[in-house]
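Student: Have a look at this prediction, sequence included:
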Amino acid sequence: MPSFKPKGLWEAAPHTLAKIEIVRQYLVRWFQILGLKYQGKRLSYIDGFAGPGAYTNTADSSPLAALRAATQALQSTPAIGSKEFCFLFTEKEQWCAEHLQATIQEQAWPKQIQWEVRQGSFEDEVGGILNDTRSKGQQLAPTFAFIDPFGATGLPFSVIQEILSYPRCEVLLNLDSDGIARLFKASDSEKNDAHLDALFGDGLWRSALDPGAGIRELSPQILTLYKQRLRSIAGVRYVFAFAMHDANGKLSYHLVFASQHPLGLEKMKEAMEVVDKSGLYTFSDATAGQSELPFDFKQPADFARRMRAVLGGTPRPYGEFNDYALNETPFRNPKSMLEHLKQKGVVEVRWKGAPARRGFPEDKIQSILVRQ
């Protein structure tokens, strides 16, 4: 992604193509699951920085990927055919909004799909809808919001918080940790301070970030703080971030996912794993005080050691290990890590009845002790 938005299509970098495919892969699952389980009529998708709808090297984009995901879900799951699929694409630049409108209009979409392109900022357009919904005492329909700004600004925490305050609403956003670090280093102006206040939702960044740290050291601090802010939202227990690097290994940005439900994060990791199998992209997560580990969906050893350090020493229900696996590792559950630790002889399971012959069936587990 360029650091500015040129007036004309630009080339999509490999990490951008990966990001688009992650959105598509996840939304197929999301539409299918919510379409079957949600009793209401409407499912919604918001693209907060929609762009022009195409690149010089591909006709794909996040808006088109979302529309195609809904089409695929409808075709593969006829039982959701009675639902309405509502798409809102917001874009501040007029030429981008017009190009996106024309691009979407070039194709025919299923009758269940309704879409709208609005020219305006994410904060004004989406924030206005949320304020109107709140003032009328209404509930937001299940909504997946993809928020992909250019640079470190234009991502007010107040809007993110409002979306995530509703059940069955999720967010995937581009956190420009590097750009935010540069903003912080230059935060001697009231304007920059105001941007950081809006981004984090309060002034906690002033004490949480180290002013003596360099840009490279600040990036994981920013990510850690932002994840903490998301988890401070009532009901939001599942927050996961993964770094996306360019061809030279330089951090491009972090994609951050937040949800109230563990199944959302489980399915997001499924989507990530499908894209990662291509071998073209490197995903990794880093938190303050920890070295960055590339995601390896087949090798649990490093993450098992981390889990043991955090959860070991006390008998715990399976759910605590499951939440840790979802929030802090690339795995969808803790079973491969527990199996690795079991082979080392440090796992004791208290069963509800007869011990399971193999594995870790959660419905039969009373508690698990990992010895430190």
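Tutor: Received it, and whenever you're ready, just let me know what you need. Numbering: from 1, shown residues only.
Student: what about the helix or strand where residue 199 lies, average pLDDT?
Tutor: Per DSSP states H and E, residue 199 falls inside helix 190-200. Mean pLDDT, helix 190-200: 93.
Student: which residues are contacting it?
Tutor: Residues from elsewhere that reach helix 190-200 (Cβ atoms under 8 Å, 6 or more residues apart in numbering): 152-153, 155-158, 180, 183-184, 186-187, 203, 205, 225-226, 229. Any C-beta I mention is one placed from the backbone N, CA and C, and that applies to glycine too.
Student: farthest-separated two in those?
Tutor: Farthest-apart pair in the contacts of helix 190-200 is 158 and 186; separation 23.1 Å (Cβ to Cβ).
Student: can you pull the contacts of the most centrally placed residue in the chain?
Tutor: Centroid-nearest residue in the chain: residue 257, 2.0 Å away (criterion: Cα atoms, centre = their mean). For residue 257, the contacting residues are 170-172, 238-241, 264-265, 268, by Cβ under 8 Å, 6+ apart.
Student: Now intersect the residues you listed with the helices, please.
Tutor: Those of these mapping onto helices are 264-265, 268, per DSSP state H.
Student: Kindly indicate which of the residues you listed lies nearest residue 12.
Tutor: Comparing those against residue 12 with Cβ to Cβ places residue 268 closest, at 21.2 Å.
Student: Next one: the closest one from residue 220, what distance?
Tutor: Separation of residue 268 from residue 220 (Cβ to Cβ, to the nearest Å): 21 Å.
Student: angle of whichever strand or helix holds residue 179 against helix 190-200?
Tutor: If you go by DSSP H and E, residue 179 is part of helix 177-185. Helix 177-185 runs at 140 degrees relative to helix 190-200, counting by axes from the mean of the first three to the mean of the last three Cα atoms, to 10 degrees.
Student: Give me the contacts around helix 177-185.
Tutor: 3, 151-153, 192, 195-196, 199, 205, 209, 211, 215, 218-220, 222-223, 251, 253-254.
Student: Mind giving me the PyMOL select for the residues you listed, buried ones only?
Tutor: Selection of the buried residues among those in PyMOL, burial being defined by 16 or more other Cβ atoms under 10 Å:
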select buried, resi 151+152+153+192+195+196+199+205+209+218+219+220+222+223+251+253+254
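Student: thinking again about what came up before, next, format the contacts of residue 257 as a markdown table and append pLDDT, neighbour count and distance to residue 47.
Tutor: Below are those laid out as a markdown table (pLDDT from 0 to 100; neighbours: other Cβ atoms under 10 Å; distance: Cβ to Cβ, whole Å):
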| residue | pLDDT | neighbour count | distance to residue 47 |
| --- | --- | --- | --- |
| 170 | 98 | 25 | 14 |
| 171 | 98 | 23 | 12 |
| 172 | 98 | 24 | 11 |
| 238 | 97 | 21 | 22 |
| 239 | 97 | 22 | 21 |
| 240 | 94 | 23 | 20 |
| 241 | 90 | 25 | 20 |
| 264 | 97 | 25 | 18 |
| 265 | 97 | 22 | 21 |
| 268 | 95 | 25 | 17 |
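Student: and which of the residues you listed is nearest residue 28?
Tutor: The nearest member of these to residue 28, counting by Cβ to Cβ, is residue 268 at 12.1 Å.
Student: contacting residues around residue 323?
Tutor: Each residue near residue 323 by Cβ under 8 Å, 6+ apart is listed here: 237-238, 262.
Student: buried ones in the helix holding residue 179?
Tutor: 177-184.
Student: Stretch 141-160 now?
Tutor: Neighbour counts using 16+ other Cβ under 10 Å place 141-157, 159-160 of stretch 141-160 among the buried residues.
Student: can you give me the helices in the protein?
Tutor: 14-37, 62-76, 94-105, 122-135, 157-164, 177-185, 190-200, 205-208, 215-231, 262-276, 301-311, 318-328, 335-343.
Student: in the stretch 101-250 of the chain, which ranges drop under the pLDDT threshold?
Tutor: 246-247, 249 (pLDDT under 70).
Student: before we move on, back to that, which ones among the buried residues of stretch 141-160 are found in strands?
Tutor: Using DSSP state E, the members of the buried residues of stretch 141-160 that fall in strands are 143-147.
Student: for residue 274, what are its contacts?
Tutor: 21, 25.
Student: actually residue 318, not the one I wrote
Tutor: Contacts of residue 318 (Cβ under 8 Å, 6+ apart): 334, 360, 362, 365, 367-368.
Student: What of residue 164?
Tutor: Residue 164 neighbours (Cβ under 8 Å, 6+ apart): 170-171, 230, 233, 235-236, 258-260.
Student: rewinding a little: which of the buried residues of helix 177-185 sits closest to residue 89?
Tutor: residue 179 (23.3 Å).
Student: So residue 65 sits against residue 27, correct?
Tutor: Yes - here residue 65 reaches residue 27: they are 7.4 Å apart, a contact under Cβ atoms under 8 Å.
Student: which of those two has more neighbours?
Tutor: Between residue 65 and residue 27, counted using other Cβ atoms under 10 Å, the more crowded position is residue 27 (27 against 21).
Student: Please report the distance of that one from residue 63.
Tutor: Distance from residue 27 to residue 63, counting by Cβ to Cβ: 11 Å.
Student: got it, and residue 102?
Tutor: For residue 102, the distance to residue 63 - Cβ to Cβ - is 12 Å.
Student: quick one, which of those two is more surrounded?
Tutor: When residue 102 and residue 63 are compared for neighbours, residue 63 comes out ahead with 26 against 13, by other Cβ under 10 Å.
Student: Could you report the separation of the more buried one from residue 228?
Tutor: Residue 63 is 31 Å from residue 228, by Cβ to Cβ.
Student: Now the buried residues of helix 177-185 in a markdown table, please, with extra columns for distance to residue 16.
Tutor: Putting the buried residues of helix 177-185 into a markdown table (distance: Cβ to Cβ, whole Å) gives the following:
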| residue | distance to residue 16 |
| --- | --- |
| 177 | 17 |
| 178 | 16 |
| 179 | 16 |
| 180 | 19 |
| 181 | 21 |
| 182 | 21 |
| 183 | 22 |
| 184 | 25 |
